[in-house]
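Participant: Got a sequence here, can you build the structure:
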Amino acid sequence: MSKHVNTHGQKAESYNIGRPDYPKEFYSFLYEELGFKNAIIADIGAGTGKVTKGFLAKGSTVYAIEPDADMIKVLCNNLAGFPGCIPIISTAENTGIPDGKIDIIFCGNSYHWFDKSAAIPEFKRILRDTNRKYNIVISSLGPGCAKTESPFEDGMFVEKTFEYTVCNGFHEFLHGHLSASNAPTADEDCFEEYCESIKQTFEKECINGQVETKFTLHVIIGNVNNLKLCQAF
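Facilitator: Purely as a prediction, here's the structure:
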């Protein structure tokens, strides 16, 4: 993760405006079907706290680990009303969480950035019970996102896919595109041209001022001891 600390640098506001929330069914699956009630969670790569908020609303205490200072600033503003949120500016490889403090580690669209040789030992250090059946949740989310290869050993995980539709006006549609790691920032020469191209796409696809986007959320749940050390994810 250290090589990609500023992957979304200068994009915190766009990320906050344009990225979709996870569906309610995701939280129901974890808390009701997998028994995550009362879990202390480490949300590693928390961004602006979109998923963190869902965990907090379920009554969890959440350590929100995020290396980007702009992201953490927005997260703190968004989650100021939740005393169970503990934000830390840090990385997956060196979270700053005390030993044995965590029940569940969540990595949302972030695990592929981590240095596995450092992150996996760190995960084991902060987990309260490394032998718990499920203690790592890894997700990928995208428009029509294809099923992701599991980073766990074969047969040593469960998975769930959620498909849902998000309706956005131009403001959210634009910032959704601007939040991408490869999108230009406002100080780049091509920024205005890029925004104009997004506007043209929106006008072409919108119905009654909104564009519907179908998202696929793929969730993989397993035990830290079954994570592959060398895995392109």
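Participant: Give me the neighbour count for the closest residue to residue 59 other than its chain neighbours.
Facilitator: Nearest in space to residue 59, with sequence neighbours left out and distances taken as C-beta to C-beta, 6 or more residues apart in numbering, is residue 38 at 6.9 Å. Bear in mind the C-beta positions are built from the backbone N, C-alpha and C, glycine included. A total of 11 residues lie near residue 38 under the criterion other C-beta atoms under 10 Å.
Participant: Also the one 4 residues further on?
Facilitator: Burial of residue 42 is recorded as 26 neighbouring residues (other C-beta under 10 Å).
Participant: where along this structure do the helices fall?
Facilitator: 12-18, 24-28, 50-57, 69-78, 116-126, 170-178, 191-205 (DSSP state H).
Participant: Out of those, which is the most enclosed?
Facilitator: Here the criterion is mean neighbour count by mean count of other C-beta atoms under 10 Å, and of the helices of the chain the winner is helix 50-57, at a mean of 22.
Participant: and it, what does it pack onto?
Facilitator: Contact here means 3 or more C-beta pairs under 8 Å, 6 or more residues apart in numbering; DSSP states H and E; on that basis helix 50-57 packs against helix 24-28, strand 40-44, strand 61-65, strand 104-108.
Participant: Of those, which is nearest residue 178?
Facilitator: Comparison of the helices and strands packed on helix 50-57 against residue 178 by C-beta to C-beta identifies strand 104-108 as nearest, at 19.3 Å.
Participant: what's the angle from the closest one to strand 61-65?
Facilitator: Computed with axes from the mean of the first three to the mean of the last three C-alpha atoms, to 10 degrees, the direction of strand 104-108 lies at 40 degrees from that of strand 61-65.
Participant: Adjacent strands (with direction) for strand 104-108?
Facilitator: Taking DSSP bridges as the criterion, strand 104-108 sits next to strand 40-44 (parallel), strand 136-143 (parallel) in its sheet.
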